[in-house]
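J.: Starting from these lines, generate the structure:
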Amino acid sequence: MAVGRVASTIALVAIAVWLGGLVALGALAAPVVFSVVSLPTAADAMTIVFRRFDTVAMTCAALVLASEAARGIGRARFARVDLARLAVSALATALAVLEGARVSPRIAELHATGVIRGLGAGGAELARLHEWAELCGKTEVAFLVVAIALHVAALSRAPGPGLDRSRAP
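T.: Sure, this is the predicted structure:
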């Protein structure tokens, strides 16, 4: 029981950092920077910020999966909520890794060579990659919100010390 609570705490803190970063950068910082700072400076700055955040997101994802592994050690079987939480966490992790290992580095390469979104073949690729980055980020947000709800559901099922859930209504 204690291992599960510690693992959930670690996972929830990691999810909070990851989710908060996605919202802060994608919904707040990027739109402001791109509307206030001229190109290519805005793109250069946000590329650096997103590349740094990719490391944070992938680290948080690894912590979430490690917490799931810790919760699973010594368990004979998993409840459906545990399996759902693991699946959602794995999907969010896959998206963070895709974004951090493939999408963002390619965006950075294109920016470094002076490609402008929407201009020419390179610009078309940059536009497509930017759409992928947005889709990954938005989908990660949704998966992480679901993961939080599944943590809450699992913890609300677990009886605390001295509680007998068999008599609960």
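
J.: Could you report the pLDDT at the closest residue to A124 other than its chain neighbours?
T.: Computed as C-beta to C-beta, 6 or more residues apart in numbering, the closest residue to A124 that is not its neighbour in sequence is G118, at 7.1 Å. Glycine gets a C-beta too; all of them are placed from N, C-alpha and C. Listed pLDDT for G118 reads 85.

J.: same thing with V32?
T.: With respect to pLDDT, V32 scores 95.

J.: now do the one 5 residues further on
T.: Among the per-residue scores, V37 holds a pLDDT of 94.

J.: what number of residues lie near the closest residue to it other than its chain neighbours?
T.: Distances taken as C-beta to C-beta, 6+ apart place A45 nearest to V37, at 6.7 Å, with adjacent residues excluded. Neighbourhood size, A45 [other C-beta atoms under 10 Å]: 15.

J.: next one: L12
T.: 17.

J.: That one contacts A149, correct?
T.: No: counting by C-beta atoms under 8 Å, L12 stays clear of A149, with 11.2 Å between them.

J.: This structure: helices as residue ranges?
T.: Counting by DSSP state H, one finds helices in the chain at the ranges 2-23, 30-36, 41-72, 80-98, 104-112, 120-157.

J.: Over to F78: give its phi and psi.
T.: phi -110, psi 140 (degrees, to the nearest 10).

J.: how about it, what does it touch?
T.: Applying C-beta atoms under 8 Å, 6 or more residues apart in numbering to F78 gives the contacts G72, L86.

J.: State the pLDDT value of it.
T.: 82.

J.: Check G72 too.
T.: For G72, the pLDDT comes out at 83.

J.: From A127, how far out is it?
T.: Noted for G72: a distance of 41 Å to A127, by C-beta to C-beta, to the nearest Å.
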